[in-house]
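*Asks:* dropping a prediction and its sequence here:
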Amino acid sequence: LGNIVSKLINDGEHQQAIVLLHKILDIEKNIVGESHPWVANDYLWLGYCSYFTENYTEIEPYLNHYIDIYKKTYGDKSEQSRNAQTTYAALLNNLAEYYFNAENYSEAIRIEQIVADNRKQILGEYHADYIESLTNLGKYWNWLGLQNYNNGNYSEACSNFHKATAIRGNALGEDHPDYVISLSNISACYAITENYTEAIKYGTKAVEIKKKLSGEEDTQYLMYLESLADLHAKKGNFSEAVKLQTNVVKGYKKTVGTNQPKYTNALHNLASFCFYDKKYSDAVNYETQFIETLKAIKGTEHSDYNNAINEFLRLLNAVAWNEFNQKNHEDAIRYKTQEATIIKENSGEDTTYAVVLEDLAFFHFKKYHYAEAIQIEQQATEIFNQILGEKNPKSLAASEQLAKYLHASAWFDSMKGNYTDAIKQATQAANIYKCIKGELSSEYALALGNLAGYNHKNGNSEEAVKISYQATEIKKQMYGEASTEYYS
């Protein structure tokens, strides 16, 4: 029967071999008893054949019977037991690998730990087979961590990664790529739970070791460095993020070239970090490089380019308003002008363009550039009127803003004694208020009052009296003769 089993195994007929092995096992138990090495070897072959018939849950019990008989018969320290345990460990190691490939990482770890303990005891902790088991354990713990990470079990994942790191450090040494991977995984796990201090700690260590192993021009090193820069940014250390990301951009430019996504994305991230570090000029400069590079790679019709343009516009808008709030009006005007130019080139003179023109007019107004403010607001108003109609709320609001700029400019000219221009602008303001607010409105009456004053100071007394009567009549109709508004 044994010879037939051997032939069946050689022929790959493992299921038939198992049937005969059970018959042999029963016969040998009756002849030599249950604790004889022949019986142990039957269990060994049953475990071996079960692996090939995919009866994985039966393998470990068979192998446990095998090893227990050898220990009982020969003792733990005997040569026969040591050889049996070596075979036992090798087969269990294969079983652990099966569970790993089946993504049952917990079971793989449990079995591989048995293998490691066995090999350490029999072979010693410096033997290659024991080191292999530690390496496998590190791998299995790492993958269990990734599984938990992907399932949102971040606390459990972090614990798994720590175990993987400790095992890999002992088995492989800290100057090993797998050890660096485990450090990086710990960092990512802390990052997703927003524990950026710990994330930076492990991320920094991973970067330092990877730099030592591969140098600064290795793409994997640059990826770790970019992750570390992002962690510093998330913690609010934008200066450090800019410093690290600048090295990332330089590294990718040298290693992969400027026409690769790694380089363009690095430029985009650097621009973002510069913005939050209040280095607005650098932010716009890097984002401009990003746009130009993307344009050269994918062309202006690609969705990535259009998305990048929209992001660039948001950046320019944010930078312009930040500069404006810092009283850097000239820089604010420059960036807002650039934003308007890009919109006009890509979309034409649409309502979005008009909105940006309104911002630009406002910036000029705050800088006392009244002529520019009026001219630009007039352009925005015409666009709104043409696209939305004169009665649209946006059109009316733009017209009213234009009237305010005209009113302010008229007052400014009057302070300089330039009453002719003041009268011209005040007349425009009054006409706008009449159009959008109506004749019986306080805004129109006030505009007429100002116009009357400018005419009076310019020596046009008759015109001043005429306009003043008109304003007074409006107040009378609005509030009555007994009102303070009419009396004043």
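*Replies:* The structure has been received and is ready for your questions.

*Asks:* by contact count, what packs against the helix or strand harbouring Phe365?
*Replies:* Element membership for Phe365, per DSSP states H and E: helix 351-366. Contact here means 3 or more C-beta pairs under 8 Å, 6 or more residues apart in numbering; DSSP states H and E; on that basis helix 351-366 packs against helix 303-325, helix 329-347, helix 370-388, helix 393-415. Bear in mind the C-beta positions are built from the backbone N, C-alpha and C, glycine included.

*Asks:* try 6 Å
*Replies:* Contacts defined by 3 or more C-beta pairs under 6 Å, 6 or more residues apart in numbering; DSSP states H and E place helix 351-366 against helix 329-347, helix 370-388.

*Asks:* list the helices and strands whichever strand or helix holds Lys201 packs on?
*Replies:* Assigned by DSSP H and E, Lys201 belongs to helix 196-214. In this structure, helix 196-214 makes packing contacts with helix 177-192, helix 219-234, judged by 3+ C-beta pairs under 6 Å, 6+ apart.

*Asks:* pLDDT-wise, which helix or strand of the chain ranks last?
*Replies:* Taking all helices and strands of the chain together, the one with the lowest average confidence (mean pLDDT, DSSP states H and E) is helix 484-487, at a mean of 83.

*Asks:* need the contact partners of it.
*Replies:* 475-476, 479 (C-beta atoms under 6 Å, 6 or more residues apart in numbering).

*Asks:* can you redo these as CSV with pLDDT, neighbour count and secondary structure?
*Replies:* Rendered in CSV, the data for the contacts of helix 484-487 read as follows (pLDDT from 0 to 100; neighbours: other C-beta atoms under 10 Å; DSSP: H, G, I helix; E, B strand; the rest coil):
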residue, pLDDT, neighbour count, secondary structure
Lys475, 90, 22, helix
Lys476, 90, 14, helix
Tyr479, 88, 15, helix
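
*Asks:* Ala426 and Thr351: what is the separation?
*Replies:* Ala426 sits at a distance of 29 Å from Thr351 (criterion: C-beta to C-beta, to the nearest Å).

*Asks:* of these two, give the one with the bigger neighbour count.
*Replies:* The neighbour count for Ala426 versus Thr351, taken as other C-beta atoms under 10 Å, is higher for Ala426 (29 against 17).

*Asks:* what's the more buried one in contact with, if anything?
*Replies:* If you count contacts by C-beta under 6 Å, 6+ apart, then Ala426 has 410, 450-451, 454 around it.

*Asks:* in helices, which of those appear?
*Replies:* Among those, the members falling in helices are 410, 450-451, 454 (criterion: DSSP state H).

*Asks:* what about those, which one has the most neighbours?
*Replies:* Greatest neighbour count in the ones in helices among the contacts of Ala426, by other C-beta under 10 Å, goes to Ala410: 28 neighbours.

*Asks:* returning to that earlier point: let's have the contacts of helix 484-487 in CSV, adding distance to His329.
*Replies:* CSV is the format used below for the contacts of helix 484-487 (distance: C-beta to C-beta, whole Å):
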residue, distance to His329
Lys475, 38
Lys476, 43
Tyr479, 40
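
*Asks:* what is the nearest of the residues you listed to Lys7?
*Replies:* Distance ranking of the contacts of helix 484-487 against Lys7, using C-beta to C-beta, places Tyr479 first at 117.2 Å.

*Asks:* distance check, the closest one against Thr472.
*Replies:* From Tyr479 over to Thr472 the distance is 11 Å, taken as C-beta to C-beta.

*Asks:* show the low-confidence segments of the stretch 51-200 of the chain, by residue range.
*Replies:* The stretch 51-200 of the chain contains no residues with pLDDT under 70.

*Asks:* for stretch 51-60, list every residue counted as buried.
*Replies:* Taking 16 or more other C-beta atoms under 10 Å as the basis for neighbour counts, the residues of stretch 51-60 that come out buried are 51, 55, 59-60.
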